[in-house]
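**Q** Below are the sequence and a predicted model; questions follow.
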Amino acid sequence: MWFLFIVISLYVFSYKKKSYTIHNLKNGDIELLGHGGMGVSFKYPINSSPSVSSCIDINADGTEIDIQLSKDSVLVAYHNNFLNQDASCEGLVNQFDWNNINHCRYSSIYSNSLQVMSLRKLFEENNSFTGKTIVLDCKLYFSNQPVAAFFNSFANSLKRLHQDFDGANIIVETTCKEFVKVLKMID
């Protein structure tokens, strides 16, 4: 019993509060980013124009946006595998040309008129992306296409977007190491 008392006493009286300093590439600053704009709890769907613009309007440092590639290499701001999971269309984004997707509307209790948008249009509508950090989460859902050709098209579309909107700090996020290799080759 005394032994346990001594061990606990030593532990309690030897405790020293440590101070921590953040060491990162931003000189200790932490950026505040939205998730698909204002996130899944917001009244508008993630990656929709009102969700993204609301995030920028509250002066966040930027946002993450989920993106996919259409059959004709248009970057589309959309999260789920299948369009019918939360929009008025069916199938995978990359099964269709943009002309067949741009009429799709989000299925939302707040609005059924919100259009699934191309990433380019989202950037154009939010010219306040200048100076903001935009993390593009690449959703590599594809079917009936050679993987190498799909990755090359996706990477080249990202490169064009970056060239056209160089005022934003664009970060590309992916979980696929093969896609990372393709991205590094086009840089």
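**A** Structure's in. What do you need?
**Q** what packs against the lengthiest helix in the chain?
**A** Taking DSSP state H as the criterion, the chain has its longest helix at helix 147-164. When contacts are defined as 3 or more CB pairs under 8 Å, 6 or more residues apart in numbering; DSSP states H and E, helix 147-164 sits against strand 62-69, strand 75-77, helix 119-125, strand 133-138, strand 169-173, helix 177-186. Yep, even glycine has a C-beta here, placed from its N, CA and C like the rest.
**Q** Number of residues surrounding T130?
**A** 11 (other CB atoms under 10 Å).
**Q** got the contact list for stretch 117-131?
**A** Around stretch 117-131, the neighbours that count as contacts under CB atoms under 8 Å, 6 or more residues apart in numbering are 47-49, 52-53, 56, 62, 65, 67, 74-77, 98, 102, 136, 161, 164-165, 167-169.
**Q** avg pLDDT for that stretch?
**A** Across stretch 117-131, pLDDT averages out at 88.
**Q** what's the answer for stretch 31-50, then?
**A** pLDDT averaged over stretch 31-50 gives 92.
**Q** Check which residues of it are buried.
**A** For stretch 31-50, burial by neighbour count (16 or more other CB atoms under 10 Å) applies to 33-38, 42, 44-50.
**Q** quick one: it to chain centroid distance?
**A** Relative to the chain's own centre, stretch 31-50 is displaced by 10 Å; criterion: CA atoms, centre = their mean, to the nearest Å.
**Q** can you check stretch 32-51 too?
**A** The answer for stretch 32-51 is 10 Å, by CA atoms, centre = their mean.
**Q** Can I get that stretch in PDB? Just the C-alpha atoms.
**A** The C-alpha coordinates for stretch 32-51 follow below in PDB (Å, rounded to 0.1, in the frame of the first residue of the first chain):
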ATOM      1  CA  LEU A  32      -9.000  27.300 -41.800                       C
ATOM      2  CA  LEU A  33     -10.500  25.500 -44.700                       C
ATOM      3  CA  GLY A  34     -14.000  24.500 -45.500                       C
ATOM      4  CA  HIS A  35     -15.000  20.900 -46.500                       C
ATOM      5  CA  GLY A  36     -16.800  21.100 -49.800                       C
ATOM      6  CA  GLY A  37     -17.600  24.700 -48.900                       C
ATOM      7  CA  MET A  38     -19.500  24.900 -45.600                       C
ATOM      8  CA  GLY A  39     -19.500  21.100 -45.000                       C
ATOM      9  CA  VAL A  40     -22.100  18.400 -44.900                       C
ATOM     10  CA  SER A  41     -24.200  20.000 -42.100                       C
ATOM     11  CA  PHE A  42     -24.800  23.200 -44.200                       C
ATOM     12  CA  LYS A  43     -28.200  23.700 -45.800                       C
ATOM     13  CA  TYR A  44     -26.800  23.500 -49.300                       C
ATOM     14  CA  PRO A  45     -25.000  20.400 -50.700                       C
ATOM     15  CA  ILE A  46     -21.200  20.200 -50.500                       C
ATOM     16  CA  ASN A  47     -19.400  21.400 -53.600                       C
ATOM     17  CA  SER A  48     -22.400  23.500 -54.700                       C
ATOM     18  CA  SER A  49     -21.900  27.100 -55.500                       C
ATOM     19  CA  PRO A  50     -23.700  28.500 -52.400                       C
ATOM     20  CA  SER A  51     -21.800  26.200 -50.100                       C
END
